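S.K.: quick one, what's the 3D model for this:
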Amino acid sequence: MNKSDLIEALSKKENLTEKKAIDVINLVFKGFTNELKKGGRIEIRGFGSFLVKDYGAYTGRNPKTGTKIQVTPKKLPFFKVGKELKERVDNKK
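M.R.: Next comes the predicted model:
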């Protein structure tokens, strides 16, 4: 499922116009993004949690040329799946 599929599903399920569904989805995504940018954590019970992990600098390798390169420190979003979602996907519930 991609973003446009999600918008379509929301508009059909809740009888919304496509414009309203787009606004709702964008509002949720923007809220998630803003919270993660502040270093916060998002937890959705039964689904999982999103957080930002810090990765330090390291020496990497350019796969095309094989030369060593210095990779700068970075922050990346990370998703940790919840127990209930794991069980649902594995058909244990």
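S.K.: residue contacts, the nearest residue to Tyr58 once chain neighbours are set aside?
M.R.: Among residues not flanking Tyr58 along the chain, Val71 sits closest, at 5.4 Å (Cβ to Cβ, 6 or more residues apart in numbering). No exception for glycine: its C-beta is placed from N, CA and C like everyone else's. Listed by Cβ atoms under 8 Å, 6 or more residues apart in numbering, the contact set of Val71 reads Ala57, Tyr58, Thr59, Gly60.
S.K.: over to Glu35?
M.R.: Glu35 neighbours (Cβ under 8 Å, 6+ apart): Arg41, Ile42.
S.K.: and Asn91, that's in a helix?
M.R.: No: the assignment for Asn91 by DSSP: H, G, I helix; E, B strand; the rest coil gives coil, which leaves it out of any helix.
S.K.: what are the contacting residues of the one helix or strand Glu84 maps to?
M.R.: Using DSSP states H and E, Glu84 maps to helix 83-89. With Cβ under 8 Å, 6+ apart as the test, helix 83-89 has contacts from Arg45, Gly46, Phe47, Gly48, Lys93.
S.K.: again with stretch 18-29
M.R.: Contacts of stretch 18-29 (Cβ under 8 Å, 6+ apart): Lys3, Leu6, Ile7, Glu8, Leu10, Ser11, Glu14, Leu16.
S.K.: go through it and flag the buried ones.
M.R.: Ala21, Ile22, Val24, Ile25 (16 or more other Cβ atoms under 10 Å).
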